[in-house]
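Undergrad: Just to be clear, the model below is a prediction. Sequence and coordinates:
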Amino acid sequence: MSTDETLSALLPLFKNYYNVTSENAEEPFCAEAVFESHNEQYYLIKAAKVADINTSEYVYFAKCEELDSAGLSMLDETAWQRGLSKVKPGYDHRNTDVSLIIIADDIDYETKKLIRKRRHYKSYRFGFYGWSNYRLVAIECSSGTAFYNHQGRSMKKLVGNILK
């Protein structure tokens, strides 16, 4: 599969739950997906509100011919900073997760090892105002394999369905 075919197969999987935009995505990303959820918990009646819970996730998609360590670092930092800039920590904020999915024709051997080591985490006011996690998935189209960081392994089943 080519990078365009992989991206076009991946985006519809997110459209059920996320707001996906591919036309207005800012460089260096070719598409973005946003998920936002608000829940309220009550005790017997609505006047006795126990909690407001806001959850968000921002997924950034990038395509490239060959992924090396410099390209990975640039995409990684850009996605993390853009995701954190949208966080609104407060008493009702639970979590805001940032995900980066890179689709490349080839991935450098050293970069494959770096992908597994990439980790970002941030808590707001010792976790009382929520936290942010980071997921990273890199798909190598030439071999049909995907590489994940620790948090990104939760997307293994989703990506595995495309690579079959």
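TA: Cool, the structure landed.

Undergrad: Show me which helix or strand of this protein is least confident by mean pLDDT.
TA: In the chain, the helix or strand scored least confidently by mean pLDDT, DSSP states H and E is helix 156-163, which has a mean of 86.

Undergrad: helices or strands up against the strand or helix carrying residue 114?
TA: Residue 114 is located in helix 109-117, with elements delineated by DSSP states H and E. Secondary structure elements in contact with helix 109-117, counted by 3 or more C-beta pairs under 8 Å, 6 or more residues apart in numbering; DSSP states H and E, are helix 69-85, strand 131-140, strand 145-148. For every residue, glycine as well, the C-beta is placed using N, CA and C.

Undergrad: Could you rerun that using 6 Å?
TA: helix 69-85 (3 or more C-beta pairs under 6 Å, 6 or more residues apart in numbering; DSSP states H and E).

Undergrad: What residues sit buried inside the following helix or strand past the helix it packs on?
TA: Moving toward the C-terminus from helix 69-85, the first helix or strand encountered (DSSP H and E) is strand 93-107. Counting neighbours by 16 or more other C-beta atoms under 10 Å, one finds that the buried residues in strand 93-107 are 93, 95-105, 107.

Undergrad: Now do strand 93-107 against helix 109-117, angle only.
TA: Taking axes from the mean of the first three to the mean of the last three C-alpha atoms, to 10 degrees, one finds that strand 93-107 is oriented at 170 degrees with respect to helix 109-117.

Undergrad: any idea of the angle strand 93-107 forms with strand 131-140?
TA: Following the same axes, to 10 degrees, one obtains 20 degrees for the angle between strand 93-107 and strand 131-140.

Undergrad: for the record, mean pLDDT for strand 93-107?
TA: Here strand 93-107 scores 94 as its mean pLDDT.

Undergrad: what does stretch 6-14 give?
TA: 91.

Undergrad: Which residues are in contact with residue 75?
TA: Taking C-beta atoms under 6 Å, 6 or more residues apart in numbering as the criterion, residue 75 is in contact with residue 62.

Undergrad: How about residue 18?
TA: For residue 18, the contacting residues are 33, 35, by C-beta under 6 Å, 6+ apart.

Undergrad: Need the per-residue pLDDT for it.
TA: At residue 18 the predicted local confidence, pLDDT, stands at 93.
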